[in-house]
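> Below are the sequence and a predicted model for it; my questions follow.
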Amino acid sequence: MMPGEVENPSRSAASQGAPSASNSRRIMLLTRKAEFSASHVCLNPALSAEENQAIYGANANPQGHGHNFVVEVTLEGEPDPVTGMVFDLRELKEIINAEVVEPMDHRFLNREIPHFANVVPTTENLAREIWRRIALRVGAPHAHARPRANNVRLKNVRLYETADLYVDCTAADFAEEQ
Ligand code: NI
């Protein structure tokens with residue numbers, strides 16, 4: 001601004017990031033998809049073989065079976081006023097690769113992901129584990145969240161076990177841990 005120029009008060013408020021009703025309408029959702037193939041056995045060791053067979057059917061076969069999982073990670077936030085992005089796209093890809101694809105692709109989840117040594121790796125529980133891993137990295141309403149300048153947070157983890165079946169995991173699933 002040139003000396004003597006009168007600043008537009010509404011522009012000034014906006015440039016300072018003052019809270020206003022319009023800010024809430026700028027929230028946008030950003031989703032990145034990734035695929036990985038993994039095998040698992042769905043059985044609860046606390047139950048008998050017969051009970052597991054009754055509950056999980058062929059999914060309880062101890063030899064395991066595989067799925068081509070598809071995960072969709074959705075972040076929520078205001079596009080950064082400088083970059084126009086809710087979150088750096090390359091960083092999001094790197095996080096999903098590091099936390100999900102690299103450790104889980106072509107793995108036997110029960111044996112190779114420590115979390116599933118004592119947790120049945122159903123699609124629901126796998127979605128929760130993926131949420132937990134990604135929330136640690138992007139910031140979320142979660143105990144270990146790392147805040148970002150534009151309040152970006154993990155909004156949803158959708159995990160497809162097949163094209164016809166998916167699970168959604170949201171912050172509400174962790175309400176008891178906050
Ligand atoms: Ni399965």
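Happy to help now that I have it. Numbering: from 1, shown residues only.
> Show me what counts as buried in stretch 63-83.
Buried residues in stretch 63-83, defined by neighbour count with 16 or more other CB atoms under 10 Å: 64, 67, 69-79. C-beta: built from backbone N, CA, C; applies to glycine.
> I'd like the average pLDDT over that stretch.
Averaged over stretch 63-83, pLDDT sits at 93.
> Same check on stretch 119-134?
96.
> Please flag which of the buried residues of stretch 63-83 sit within strands.
67, 69-77 (DSSP state E).
> How far off centre is stretch 73-86?
16 Å (CA atoms, centre = their mean, to the nearest Å).
> Endpoints of that stretch, how far apart?
13 Å (CA to CA, to the nearest Å).
> so where do the helices sit in the chain?
9-15, 21-24, 49-56, 89-96, 102-104, 109-112, 123-138 (DSSP state H).
> ok, the spatially closest residue to Asn125 that is not a sequence neighbour - how many residues close by?
Nearest residue to Asn125, sequence neighbours excluded (CB to CB, 6 or more residues apart in numbering): Val119, at 5.4 Å. By other CB atoms under 10 Å, 16 other residues sit near Val119.
> can you check Asn125 too?
Neighbour tally, Asn125, other CB under 10 Å: 18.
> Just confirm it contacts Ile113, I think it does.
No. Counting by CB atoms under 8 Å, Asn125 stays clear of Ile113, with 10.5 Å between them.
> quick one: contacts for Tyr166?
123, 158-160 (CB atoms under 8 Å, 6 or more residues apart in numbering).
> mind checking how far it is from Val70?
Look at Tyr166 and Val70: by CB to CB, to the nearest Å, they are 8 Å apart.
> Mutual contacts of these two, please.
159-160.
> low-scoring pLDDT stretches of the protein, where are they?
Filtered on pLDDT under 70, the chain yields the residue ranges 1-25, 139-150, 178.
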